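Q: attaching a predicted model along with its sequence, questions to come.
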Amino acid sequence: MIIIKDDYGRDYEVQDIEAFKSHIKKYHSKNGRGDGSLHEENGYWFKVTYSFYEQIMSL
């Protein structure tokens, strides 16, 4: 289990980190970098910045 903070500072428990990473890569990145888009999951919001993308991929 991995817990990350959403854009509002709320703790979000990622149930399947590999599926989460795969989704972020496929839909929220360009050329291996976060593209600045918003990802919503179960009412939690994440802006996929370069630093967020790097943080997630390092998990």
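A: Yep, it's here. Numbering: from 1, shown residues only.
Q: can you give me the strands in this protein?
A: For the chain, strands defined by DSSP state E occupy the ranges 2-5, 11-14, 29-30, 33-34, 38-41, 44-47.
Q: mind checking which of the ones you listed is nearest residue 20?
A: Closest of the strands of the chain to residue 20 is strand 11-14, at 5.0 Å (criterion: Cβ to Cβ). (C-beta placed from N, C-alpha, C; glycine too.)
Q: in the closest one, what's buried?
A: Burial within strand 11-14, assessed by neighbour count using 16 or more other Cβ atoms under 10 Å, is assigned to 12, 14.
Q: report the backbone C-alpha coordinates of it in CSV.
A: Output in CSV follows, covering the C-alpha atoms of strand 11-14 (Å, rounded to 0.1, in the frame of the first residue of the first chain):
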residue,chain,number,x,y,z
ASP,A,11,-3.9,11.3,1.9
TYR,A,12,-4.8,8.9,-0.9
GLU,A,13,-4.2,5.2,-0.6
VAL,A,14,-3.1,3.8,-3.9
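Q: ok, back up a step: and of the strands of the chain, who's closest to residue 58?
A: For these, proximity to residue 58 was assessed by Cβ to Cβ; strand 2-5 is nearest, at 11.1 Å.
Q: so what touches the closest one?
A: Defining contact as Cβ atoms under 8 Å, 6 or more residues apart in numbering, one finds that strand 2-5 is touched by 11-14, 17, 46, 55-56, 59.
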